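Enquirer: Requesting a structural model of the entry that follows:
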Amino acid sequence: MRNFILFLTTTITNLLPTQSIKTANFNVFLTEGKDKKTLYAAPTAPEYRLKKVVIDAGHGGHDAGCSGTFTVGKTKDKKSVIHYEKNNTLKMALLLGTKIKKKFPEIEVVYTRTKDVFVELDERADIANKAKADLFISIHCNSTDGNPVQGTETYTLGLHKKEANLRVAKRENASILLEKNYKQKYANFDPLSTEAYIIFNLIQNNYLENSVRFAQLVENQMETIERTSLGVKQAGFMVLKATAMPSVLIETGFLNHHTEGLYISDEKGQEKLTDAILTAFQKYKKEVEIIPVVEKKETEPKPKKIKKNSN
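Expert: Have a look, this model is predicted:
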């Protein structure tokens, strides 16, 4: 734990901003408002267009994530089928990427995985950073501890304020335990230890403003498809910690809840969920892009030629 704190303290020192911070790859400055600090884009901000998005399908390979067992069929031969998180997240990630490419052909879509393979948490962030992405979207399925809760929730990196948020972070971060040499790689960070998450209170997320912006748009859209929104939340997700761009983790629903599990495992449900995320992405793109207005110079109309009368 001591080594982990030392490791993150060094990292944080290198990340702390001086006079400005970066949000969506352009500079914004802290300005004192009437009752709180507000972020305003610098008047000389350069052109900014959202060019690349990384879509992360949670879990994969020998890391199945959570699961739900449902009885399907209308005959006497009903069968119990196990639905794994890793399969649902992959289907939704690929579907979302396809929809973004169709709607915005100019945007490059990068996936952390396109098949059922295990990708380590730090590698997922590394893929996004090397791609110099403008947005990182991690798709997951949630799991209840027995309570009949339903709904979607979208997370950004931050200190958990509720025990429920910590439980979700612990479950998703437990994938670390399936990695080789995870103790050395994550400086003895224990994803199951409550004390280990205290350090996240010190982390400055340079991209929090736009992470929250996109997360709120996602949850707003979930309500339009009559999904229960559990809101935008913060917790210490390792997959979000190392990404150098606005990043969110979307819990699309509770897989072990019978009704909700069937919804997010069904093609129609996945269509609606990805449509909602796509609309949120479209609105986010419009909000953050800075496109200079080219003023057209007014020119004097050319004088009309007068036809001479031949008579």
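
Enquirer: Just want the phi and psi numbers for the closest residue to Tyr84 other than its chain neighbours.
Expert: Spatial nearest neighbour of Tyr84, chain neighbours left out: Ala64 (4.5 Å); criterion: CB to CB, 6 or more residues apart in numbering. In this view, the C-beta of every residue, glycine as well, is placed from N, C-alpha and C. Ala64 adopts backbone torsions of phi -80, psi -20, taken as degrees, to the nearest 10.

Enquirer: Report the contact partners of Ala64.
Expert: For Ala64, the contacting residues are Tyr84, Glu85, Lys86, by CB atoms under 8 Å, 6 or more residues apart in numbering.

Enquirer: ok, 10 Å please
Expert: The neighbours of Ala64, taking CB atoms under 10 Å, 6 or more residues apart in numbering as the test, are Ile82, Tyr84, Glu85, Lys86, Asn87, Asp116.

Enquirer: Could I have the buried ones of these as ChimeraX selection syntax?
Expert: Buried residues within these, by 16 or more other CB atoms under 10 Å, are selected in ChimeraX with:
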select :84,85,86,87
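
Enquirer: Which of the contacts of Ala64 sits closest to Asn256?
Expert: Closest approach between the contacts of Ala64 and Asn256, by CB to CB: Glu85, at 9.7 Å.

Enquirer: Helices - which of the contacts of Ala64 land there?
Expert: Glu85, Lys86, Asn87 (DSSP state H).

Enquirer: and of those, the nearest to Pro148?
Expert: Nearest to Pro148 among those is Glu85, at 19.0 Å by CB to CB.

Enquirer: Would you mind measuring from Gly97 to Thr154?
Expert: Distance of Gly97 to Thr154, computed by CB to CB, to the nearest Å: 18 Å.

Enquirer: And for Ile291?
Expert: Using CB to CB, we find Ile291 at a distance of 27 Å from Thr154.

Enquirer: More neighbours: these two, which one.
Expert: Taking neighbours as other CB atoms under 10 Å, Ile291 and Thr154 compare with Thr154 leading, 27 against 9.

Enquirer: For the more buried one, list each beta-bridge partner.
Expert: When bridges are called by DSSP bridges, Thr154 pairs up with Val232, Ile250.

Enquirer: mind checking how far it is from Phe118?
Expert: Distance, Thr154 to Phe118, by CB to CB: 24 Å.

Enquirer: and what of Val293?
Expert: 48 Å.

Enquirer: Among those two, which residue is more densely surrounded?
Expert: More neighbours surround Phe118 than the other of Val293 and Phe118, with 15 against 5 (other CB under 10 Å).

Enquirer: wait, isn't the more buried one in contact with Ala57?
Expert: No: using CB atoms under 10 Å, Phe118 makes no contact with Ala57, being 11.5 Å away.

Enquirer: Now list whatever residues contact both of the two.
Expert: The contact lists of Phe118 and Ala57 share Lys86, where a contact means CB under 10 Å, 6+ apart.

Enquirer: Please name every helix or strand in contact with the helix or strand containing Val212.
Expert: Element membership for Val212 (DSSP states H and E) is helix 208-224. With contacts taken as 3 or more CB pairs under 10 Å, 6 or more residues apart in numbering; DSSP states H and E, helix 208-224 sits against strand 21-23, strand 135-142, strand 152-157, strand 229-235, strand 247-254, helix 267-288.

Enquirer: Just want the angle from the third one to helix 267-288.
Expert: If I follow you right, that is strand 152-157. Relative orientation of strand 152-157 versus helix 267-288 (axes from the mean of the first three to the mean of the last three CA atoms, to 10 degrees): 40 degrees.

Enquirer: Report all helices and strands that strand 152-157 contacts.
Expert: Using 3+ CB pairs under 10 Å, 6+ apart: strand 152-157 touches strand 135-142, helix 163-173, helix 208-224, strand 229-235, helix 238-241, strand 247-254, helix 267-288.

Enquirer: pLDDT of it, averaged?
Expert: Averaged over strand 152-157, pLDDT sits at 93.

Enquirer: Repeat that for the fourth one.
Expert: The average of the pLDDT scores along strand 229-235 is 91.

Enquirer: Okay, buried residues for that strand please.
Expert: Ser229, Leu230, Val232, Lys233, Gln234, Ala235.

Enquirer: Please tabulate these in CSV, including the columns distance to Pro105.
Expert: Formatted as CSV, the buried residues of strand 229-235 follow (distance: CB to CB, whole Å):
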residue, distance to Pro105
Ser229, 30
Leu230, 34
Val232, 30
Lys233, 33
Gln234, 34
Ala235, 35
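
Enquirer: so which two of those residues are the farthest from each other?
Expert: Taking CB to CB as the measure, those have their most distant pair in Ser229 and Ala235, spaced 16.7 Å apart.

Enquirer: List every C-alpha atom in the helix or strand Ile127 falls within, with coordinates, as CSV.
Expert: Using DSSP H and E, Ile127 falls within helix 121-131. Backbone C-alpha positions of helix 121-131 (Å, rounded to 0.1, in the frame of the first residue of the first chain) are rendered in CSV as follows:
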residue,chain,number,x,y,z
LEU,A,121,-6.9,-2.8,-17.7
ASP,A,122,-3.7,-0.8,-18.2
GLU,A,123,-3.5,-2.0,-21.8
ARG,A,124,-7.0,-0.7,-22.6
ALA,A,125,-6.0,2.8,-21.4
ASP,A,126,-2.7,2.5,-23.3
ILE,A,127,-4.6,1.7,-26.5
ALA,A,128,-6.6,4.9,-26.1
ASN,A,129,-3.6,7.0,-25.2
LYS,A,130,-1.5,5.8,-28.1
ALA,A,131,-4.4,6.4,-30.5
